[in-house]
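Student: Below are the sequence and a predicted model; questions follow.
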Amino acid sequence: MRLERLTANKIKIFLTSDDLFERGLSKEDIWKDSSKWNQLFHDMLEEASEEFDVDIQGSVAVEIFSLQAQGMILIITVDEVKDDEDLLYDGYIEMQVRVEGCEELIYEFDEFEDLIGLSKRLSILEIYGGTLYWFQNRYYLLMDNVEVSKKIKAACILSEFGNPSILSPYVLAEYGKPVMKHVAIETILHYFR
């Protein structure tokens, strides 16, 4: 489990499939009102509260993004609490959960040669675009405009050449060095076919 603070009241939690498996959970368990899932969620909130010194009380909104085989990302937004009278249940947390597929695909690569092979494979499926970043001695490819019908195939191919990243697009945009903007696949194919 990895934690990342996005804003003052928003935290991103990345859970791998292994994290869920170790706790005897599956992605399908989020639909059920299981005690294991509730315990995991409270453990995550407690860890986030300690790590980022955030007082998590009252109402929190939880967005869950499934990453196919890689696991899931939870975005937790903590509502500002004005005073103790705003708490609906003393000691309890009110959740609003929304489950979605991941909008962006972000993968990391150690070698540029992997990106060349990836680009050739994606072009066969007519999947283009993407922004390539250089950050912490690695390449990161952000694919944010993949058609819904091609997203699963794109994720499978991306997984063959790279590893899914838990970095958010905001971190890449702020700290990463843009190498190729919006047309990374086309640019790589143009120069390295």
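Tutor: Structure's in. What do you need? It should be emphasised that the depicted structure is a prediction, and the values quoted were computed from it without experimental measurement.
Student: Any idea what residue 5 is bridged to?
Tutor: residue 11 (DSSP bridges).
Student: Run a quick neighbour tally on it.
Tutor: 14 (other CB atoms under 10 Å). For glycine as for every other residue, the C-beta is placed from the backbone atoms N, C-alpha and C.
Student: Could you name the helices and strands sitting against the helix or strand residue 173 falls within?
Tutor: When elements are assigned from DSSP states H and E, residue 173 belongs to helix 169-175. Using 3 or more CB pairs under 8 Å, 6 or more residues apart in numbering; DSSP states H and E, the elements in contact with helix 169-175 are strand 131-135, strand 138-143.
Student: What pairs with the first one, parallel or antiparallel?
Tutor: Strand pairing for strand 131-135, determined by DSSP bridges: strand 138-143 (antiparallel), strand 177-180 (antiparallel).
Student: Kindly reformat these as JSON lines containing mean pLDDT.
Tutor: Formatted as JSON lines, those follow (pLDDT from 0 to 100):
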{"stretch": "strand 138-143", "mean pLDDT": "94"}
{"stretch": "strand 177-180", "mean pLDDT": "96"}
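Student: Tell me which of those is the most buried.
Tutor: With neighbours defined as mean count of other CB atoms under 10 Å, the strands paired with strand 131-135 peak in mean count at strand 138-143, which reaches a mean of 22.
Student: Which SSE is immediately downstream of the least confident helix or strand in the chain by mean pLDDT?
Tutor: Ranked by mean pLDDT, DSSP states H and E, the weakest helix or strand in the chain is strand 93-101, scoring a mean of 46. Counting by DSSP H and E, the next helix or strand C-terminal to strand 93-101 is strand 105-109.
Student: can you dump the C-alpha coordinates of the next helix or strand after that next one into CSV?
Tutor: Next helix or strand after strand 105-109 toward the C-terminus (DSSP H and E): helix 112-124. The C-alpha coordinates for helix 112-124 follow below in CSV (Å, rounded to 0.1, in the frame of the first residue of the first chain):
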residue,chain,number,x,y,z
PHE,A,112,13.8,3.9,-24.0
GLU,A,113,14.1,0.7,-26.2
ASP,A,114,11.0,-0.6,-24.4
LEU,A,115,9.1,2.5,-25.5
ILE,A,116,10.1,1.9,-29.1
GLY,A,117,8.7,-1.7,-29.0
LEU,A,118,5.6,-0.5,-27.2
SER,A,119,4.9,2.2,-29.8
LYS,A,120,5.1,-0.4,-32.6
ARG,A,121,2.7,-2.7,-30.9
LEU,A,122,0.2,0.1,-30.0
SER,A,123,0.3,1.4,-33.6
ILE,A,124,-1.0,-2.0,-34.8
